[in-house]
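**Q** got a sequence here, can you model it:
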Amino acid sequence: MQIIWLGHGSFRIEIEDQVLLVDPWLNGNPMMKDQDHDAATAGATQILVTHGHGDHTADIVALSQKTGAPVSGIVELAKTLYGMGATEGQAFNKGGTVRFGKVDVTMVPASHSSSMEVDGATRYMGMEIGYMIAGEGHVIYVSGDTGIMADMAWMGEYHRPDIGILSAGGHYTMDMKQAAWAAKTYFDFKTVIPCHYRTFPLLEQSADALKQGLPGVDVIEPQVLQPITL
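**A** Numbers count the residues shown, from 1 in each chain. Below is the predicted model:
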């Protein structure tokens, strides 16, 4: 398995027979160079989207059309993206599990907001969510943009993820201290990868507080396009 950060909240996850792009934001992403776009998206089999903000959805339709990868997400957002030209994948909802090849993807709650500009107007796009991605003997919790929430208790106990990809930049999501508290309170991660940080000066620039708060956990600060092999 390889987990590859594309900067901000965007990831390429190569697992089993799938290449999953999660919230792929390339154009306008300060951490992603134009010449690296093709490498970031080559061979994509599925695109997963967590919520409707531009730093998560701006490139979805174009990437779906370019790669042929279908788009999956919560019903309202997914169907809006299909209407804009994205290839149809799975429009499902919280608690639902879909299978892509050998990989199971379950939609779980998040605590944030979700909207998009459509025809010049801001429209709400259903609820924000995260994912539990199961394959190769691992369960990856992709938190999406979220604050701490009580739902993390049952999510950790029921799904038992061993890898956490956690939004931790603060201001719009949990910060590093909050993410560390949530991780040790609700989960039993072996590996934690922070995201949604370093993109802008407004966000946290270091994961030191996350590392300090999670002794015994392998906290990996990702580097853009450098694979994390697990």
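**Q** switch to C-alpha atoms for all contacts and neighbour counts from now on
**A** Will do.
**Q** so Gly164 is in which element?
**A** strand 163-167 (DSSP states H and E).
**Q** for that strand, packing partners?
**A** When contacts are defined as 3 or more Cα pairs under 8 Å, 6 or more residues apart in numbering; DSSP states H and E, strand 163-167 sits against strand 138-142, strand 191-195.
**Q** I figured Leu81 hits Val61, correct?
**A** Yes - in terms of Cα atoms under 8 Å, Leu81 counts as a neighbour of Val61; the distance is 6.6 Å.
**Q** which residues of this protein score low on pLDDT?
**A** Along the chain, no part satisfies pLDDT under 70.
**Q** how about the helices in it?
**A** Assigned by DSSP state H, the chain shows helices spanning 37-41, 54-57, 60-67, 75-83, 151-159, 176-186, 208-213.
**Q** nearest to Ala110, of the ones you listed?
**A** Ala110 lies closest, by Cα to Cα, to one member of the helices of the chain: helix 151-159, at 8.3 Å.
**Q** kindly calculate the angle that the closest one makes with helix 176-186.
**A** Computed by axes from the mean of the first three to the mean of the last three Cα atoms, to 10 degrees, the angle separating helix 151-159 from helix 176-186 equals 50 degrees.
**Q** what lies in contact with helix 151-159?
**A** With contact meaning Cα atoms under 8 Å, 6 or more residues apart in numbering, helix 151-159 is reached by 108-109, 132, 139, 182, 185-188.
**Q** can you list the buried residues in that helix?
**A** For helix 151-159, burial by neighbour count (16 or more other Cα atoms under 10 Å) applies to 152, 155-156, 159.
**Q** chain center to that helix: distance?
**A** Helix 151-159 sits 18 Å away from the centroid of its parent chain (Cα atoms, centre = their mean, to the nearest Å).
**Q** note down every partner strand of the strand holding Gly164 and its orientation.
**A** Applying DSSP bridges, strand 163-167 is found paired with strand 138-142 (parallel), strand 191-195 (parallel).
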